[in-house]
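Engineer: no sequence on hand, only this structure:
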């Protein structure tokens, strides 16, 4: 953002105008304030506080806080290194109907899968929306999971084919309002989907699959008007 200083001659009523404008801007910014996940107070090797480390299906997920100076935040990150059908990490106090969640991720390893996903409107570990990027398949796909069963929701095919390189920090974001969802990958809008399975507010979170070893950083979420 480029900020320019402007000198203006005062006119009657200008102070009141700027005061009102500043108040309006403050209200708008406050209403759309982002929540940034911070793990600095968490112990390395332990699950992050304020999140529920769980899974859809079977297996033994392992969500831990790690130190990684090479990460975009140059700070503590979250790592999933266990093996389960679908490891999930849910933010306990997030209850969002319309909003967004985004993160940076690095797909490190996985022979069966190498995935990173975002969860929203989650009721529990078996009912939620999820959009995920897969470094083995080189695609991004949006699903709903109902009673533990996952189903792709993308129009006209199975997601979007796009390069998802391993061992690189990439970004994924989803914006959701009503029944309309927009997926953004590395700053590029990939596709939009409509679905009404989960209409109520729910938790946001992170997701992987099978034997994926994935790093997550710069997790930001918020509620829109």
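Structural biologist: Cool, got the structure. The structure presented is a predicted model; accordingly, all values stated were derived computationally and were not measured.
Engineer: number of nearby residues for residue 70?
Structural biologist: 10 (other CB atoms under 10 Å). No exception for glycine: its C-beta is placed from N, CA and C like everyone else's.
Engineer: can you pull out the helices in the chain?
Structural biologist: 14-31 (DSSP state H).
Engineer: lowest-confidence helix or strand of the protein?
Structural biologist: In the chain, no helix or strand scores lower on mean pLDDT, DSSP states H and E than helix 14-31, which sits at a mean of 42.
Engineer: number of nearby residues for the nearest residue to residue 199 once chain neighbours are set aside?
Structural biologist: Closest residue in space to residue 199, ignoring its immediate chain neighbours: residue 179 at 7.2 Å, by CB to CB, 6 or more residues apart in numbering. As a burial measure, residue 179 scores 12 neighbours (other CB under 10 Å).
Engineer: same deal with the one 3 residues further on?
Structural biologist: Under the neighbour criterion other CB under 10 Å, residue 182 is assigned a count of 17.
Engineer: how close does the closest residue to it other than its chain neighbours sit to residue 109?
Structural biologist: Closest residue to residue 182 apart from its sequence neighbours, by CB to CB, 6+ apart: residue 175 at 4.5 Å. Using CB to CB, to the nearest Å, residue 175 is found at 30 Å from residue 109.
Engineer: neighbour-wise, which of those two wins?
Structural biologist: In this view residue 175 and residue 109 are compared by other CB under 10 Å, and residue 175 has more residues nearby, 18 against 13.
Engineer: that one against residue 100, yeah?
Structural biologist: Yes. Contact criterion CB atoms under 8 Å: residue 175 and residue 100 qualify, at 4.5 Å.
Engineer: now do residue 64, the pLDDT please.
Structural biologist: Per-residue pLDDT puts residue 64 at 98.
Engineer: OK, contacts around it?
Structural biologist: Shown in contact with residue 64 (CB atoms under 8 Å, 6 or more residues apart in numbering): 44, 45, 46, 47, 78, 79, 81.
Engineer: again, only this time at 7 Å
Structural biologist: Contacts of residue 64 were listed using CB atoms under 7 Å, 6 or more residues apart in numbering, and they are 45, 46, 47, 79.
Engineer: equivalent analysis for residue 107, please.
Structural biologist: Neighbour list for residue 107: 114, 115, 116, 135, 164, 166, 212, 214 [criterion: CB under 7 Å, 6+ apart].
Engineer: I figured the first one hits residue 166, correct?
Structural biologist: Yes. Taking CB atoms under 7 Å as the contact criterion, residue 114 and residue 166 are neighbours in contact, 6.2 Å apart.
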